[in-house]
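Asks: following is a predicted model, sequence given first.
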Amino acid sequence: MDESGRPVRQRVDFNTGAVVLDMRTETRAVRVGDDKTGRFEWRRQPTLVLVCLDPVDGRVSERLDVVDRADPLRKLLREP
């Protein structure tokens, strides 16, 4: 807050430096957990696949939309 009680705006740099090498839709087998039973099973689901190059260590990795949507950290950050 500034002297008048207004929130102070800050610039945030969200640049990761990663380079997108490929983006496509595929059907993949994804391990899905059942919250009620606590068991896991494999399901084939269409998903967006993002292939990227990490500038820090030069690794090429894939990110799957269907996996990232189920990430517990993402769910925690989306809570009000």
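Replies: Great, that's in hand.
Asks: centroid residue for this protein?
Replies: Centroid-nearest residue in the chain: residue 68, 4.1 Å away (criterion: C-alpha atoms, centre = their mean).
Asks: quick check: buried residues in the lengthiest helix in the chain?
Replies: The longest helix of the chain (DSSP state H) is helix 72-78. Neighbour counts over helix 72-78 (16 or more other C-beta atoms under 10 Å) mark no residue as buried. For glycine as for every other residue, the C-beta is placed from the backbone atoms N, C-alpha and C.
Asks: contact partners of that helix?
Replies: If you take C-beta atoms under 8 Å, 6 or more residues apart in numbering as the criterion, helix 72-78 is touched by residue 68.
Asks: helix, strand or coil for the residue nearest to the centre of the chain?
Replies: Three-state assignment for residue 68 (DSSP: H, G, I helix; E, B strand; the rest coil): helix.
Asks: that one - nearest residue in space that isn't next to it in sequence?
Replies: residue 74 (6.6 Å; C-beta to C-beta, 6 or more residues apart in numbering).
Asks: quick one on the thing from earlier: look up how far residue 1 lies from the residue nearest to the centre of the chain.
Replies: The gap separating residue 68 from residue 1 is 35 Å, by C-beta to C-beta, to the nearest Å.
Asks: one more: residue 51?
Replies: For residue 51, the distance to residue 1 - C-beta to C-beta - is 43 Å.
Asks: looking at those two, which is more packed in?
Replies: Taking neighbours as other C-beta atoms under 10 Å, residue 51 and residue 1 compare with residue 51 leading, 14 against 7.
Asks: wait, a helix at the more buried one?
Replies: No: Residue 51 sits outside any helix when classified using three-state DSSP, being strand.
Asks: one step back: quick check: the gap between the residue nearest to the centre of the chain and residue 77.
Replies: In this view, residue 68 and residue 77 are 12 Å apart by C-beta to C-beta.
Asks: over to residue 60?
Replies: From residue 60 to residue 77 the distance is 26 Å (C-beta to C-beta).
Asks: and if you look at residue 31?
Replies: Distance from residue 31 to residue 77, by C-beta to C-beta: 22 Å.
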